[in-house]
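Peer 1: One predicted model, sequence on top.
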Amino acid sequence: MTIATALEANGYQVDTASTTGEAIDRLGGSAYPIVISDIYIDERTGLDILEAAKRKDPRCAVILMTGRGTVETVMAATRGGAFDYIAKPFDLDVMLDAVARAEAARDNHEEEAEEEELPETRMIGSSPAMVDTYKKVSRVAPTTATVIIEGETGTGKELVARMIHSFSPRAAQPFVAVDCAAIPPTLLESELFGAVRGAFTGADRDRTGVFESANRGTVFLDEIGDIEPDFQVKLLRFLQEHEIRPVGAPRAKEVDVRVLAATNRDLQQLTDEGKFRLDLWYRLNVVRIVMPPLRDRRSDIPLLARYFVNKYNVRYDREVKLMDSGVKALQEYTWPGNVRQLQHVIERLMVLADRVDADSVDDALTAMESRERPVETLAEAEEDQIRRVLAATGGNKSKAAQILGIERKTLYRKLERMKV
Ligand SMILES: Nc1ncnc2c1ncn2[C@@H]1O[C@H](COP(=O)(O)OP(=O)(O)O)[C@@H](O)[C@H]1O
Ligand SMILES: [Mg+2]
């Protein structure tokens, strides 16, 4: 029995060709879902047929067979996108099995998510909220106005600050970012304003502060909502006078710095609570940009996903595909960590998976969530278990104690401590 008759006996419709020329002609005319070819035929080879089939239809599954397989031909077949490579002699069942797999792969083959034109800016998103942000950035960038950027963590506050700087006349000058929450309050002043030698213990040499080293450029004060009242006064004075006085220095000097600030806290509320000076808030709030959380602009997720997949394909030299089902799964998630989290999830899953589809996204999200569950102490785990058992017994403490394997009075003691 020939391969053709075996396939026909199994219900496949088969066209045959007896020379490479005939096969290539026929492949040029119409697309075939599956092509089976020997490698060594006449003056041309099965690799030429593979190429012709793929040129006509990149999804065509080409099964090559040969009795003289070499590393080179197998490599060439793989590189050319062959579906399978079968060594002769083989059982007809082996061929039927390969054809069945090719058919199944084709059926499962989802349409790849359409490649969208990417904007040139590094800030991705075209939802109305993002377009609003771009407008504000373009208007405020050429000025020296102070800008306060509010928004949850990972929404792109620092990216906006960098954009403002890069579209400003200061673009060629330094941009220095300072995370105010990461610097101990006692050191913030010398960090920003500088200090002279001997100003305090450990100051064994003059220290240039951030405002001075960023002279003529931009300073980005991140987490500004976290600075202490004392320092709020000093910062306010700096914003009004454009002068710094390094700790321990006899006199002040002038610096030309544009200040951009960001916070993930509600500054308005902090001022209402008296934790943030109203006058400083006014001084910072010349222009206010509020970054929307990602869950409120899910229409940007396809663009962002495409952007990050391309980015990591280049960085890791991969060819991971973004599938429609993957985009959909990403769009359904709530992203408490916003764009930063989306970016990390895509990066992590691309290391392991060849396709960003519903399954690989679900796996990555599950892995992330289990990793990010806070680590419990033994006491916390015990309290959790007590609560669960009490809930299961409808609050019956005797039964709960029995299930937990402890005495009733021990349970009472523990509950006392837990204050429930
Ligand atoms: N709209 C966006 N387009 C592309 N990348 C973004 C966007 N928003 C945020 N990112 C990326 O997400 C990460 C977090 O952004 P960042 O500006 O540091 O957020 P935040 O300061 O609000 O915590 C960065 O790697 C940033 O490049
Ligand atoms: Mg940040």
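Peer 2: Yes, it's here. Ligands and ions are numbered 1, 2, ... in the order given.

Peer 1: tally of neighbours for whichever residue of the chain sits closest to ligand 1?
Peer 2: In the chain, the residue that lies nearest ligand 1 is residue 156 (2.8 Å; CB to the nearest ligand atom). For every residue, glycine as well, the C-beta is placed using N, CA and C. Using other CB atoms under 10 Å as the criterion, residue 156 is surrounded by 22 other residues.

Peer 1: wait, isn't residue 385 in contact with residue 404?
Peer 2: Yes: shown here, residue 385 and residue 404 form a contact pair, counting by CB atoms under 8 Å, at 7.2 Å.

Peer 1: Compare the two (neighbour count), which wins?
Peer 2: More neighbours surround residue 404 than the other of residue 385 and residue 404, with 18 against 12 (other CB under 10 Å).

Peer 1: tell me the contacts of the more buried one?
Peer 2: 385-386, 389, 411 (CB atoms under 8 Å, 6 or more residues apart in numbering).

Peer 1: Tell me the spacing between it and residue 382.
Peer 2: 9 Å (CB to CB, to the nearest Å).

Peer 1: I'd say the residue of the chain closest to ligand 1 and residue 124 touch.
Peer 2: No: taking contacts as CB under 8 Å, residue 156 lies outside contact range of residue 124: 9.1 Å.

Peer 1: Which parts of this protein are strands?
Peer 2: 34-38, 61-66, 84-87, 147-150, 175-179, 194-195, 207-208, 218-222, 243-244, 253-254, 258-263, 287-290, 321-322, 355-356 (DSSP state E).

Peer 1: Now do the contacts for the most centrally placed residue in the chain.
Peer 2: In the chain, the residue lying closest to the centroid (CA atoms, centre = their mean) is residue 343, at 0.5 Å. Shown in contact with residue 343 (CB under 8 Å, 6+ apart): 304, 308.

Peer 1: on that earlier part again, and the residue of the chain closest to ligand 1, what pLDDT?
Peer 2: Looking at residue 156, its pLDDT stands at 95.

Peer 1: Look up how far residue 168 lies from the residue lying closest to residue 223 once chain neighbours are set aside.
Peer 2: Distances taken as CB to CB, 6 or more residues apart in numbering put residue 181 closest to residue 223, at 3.8 Å, once the chain neighbours are dropped. Remark: distance between residue 181 and residue 168 (CB to CB) = 25 Å.

Peer 1: okay, the two: which has more neighbours?
Peer 2: In terms of neighbours (other CB under 10 Å), residue 168 is the more surrounded of residue 181 and residue 168; the figures are 21 against 16.

Peer 1: pLDDT value on the more buried one, please?
Peer 2: For residue 168, pLDDT reads 93.

Peer 1: which parts of the stretch 151-300 of the chain sit against ligand 1?
Peer 2: 151, 153-159 (CB under 6 Å from any ligand atom).

Peer 1: and which of those is nearest residue 48?
Peer 2: Here the nearest of these to residue 48, counting by CB to CB, is residue 159; it sits at 49.4 Å.

Peer 1: Just give the nearest non-adjacent residue to the closest one, would you?
Peer 2: Spatial nearest neighbour of residue 159, chain neighbours left out: residue 123 (5.7 Å); criterion: CB to CB, 6+ apart.

Peer 1: Could you give the number of residues near that neighbour?
Peer 2: 16.

Peer 1: That one and residue 163 touch, don't they?
Peer 2: Yes: using CB under 8 Å, residue 123 makes contact with residue 163 at a distance of 6.0 Å.

Peer 1: If we go by neighbour counts, what in the helix or strand bottoming out on mean pLDDT in the chain is buried?
Peer 2: Ranked by mean pLDDT, DSSP states H and E, the helix or strand of the chain with the weakest confidence is helix 71-79, at a mean of 74. Using 16 or more other CB atoms under 10 Å as the test for burial, helix 71-79 gives 73-74, 76-77.
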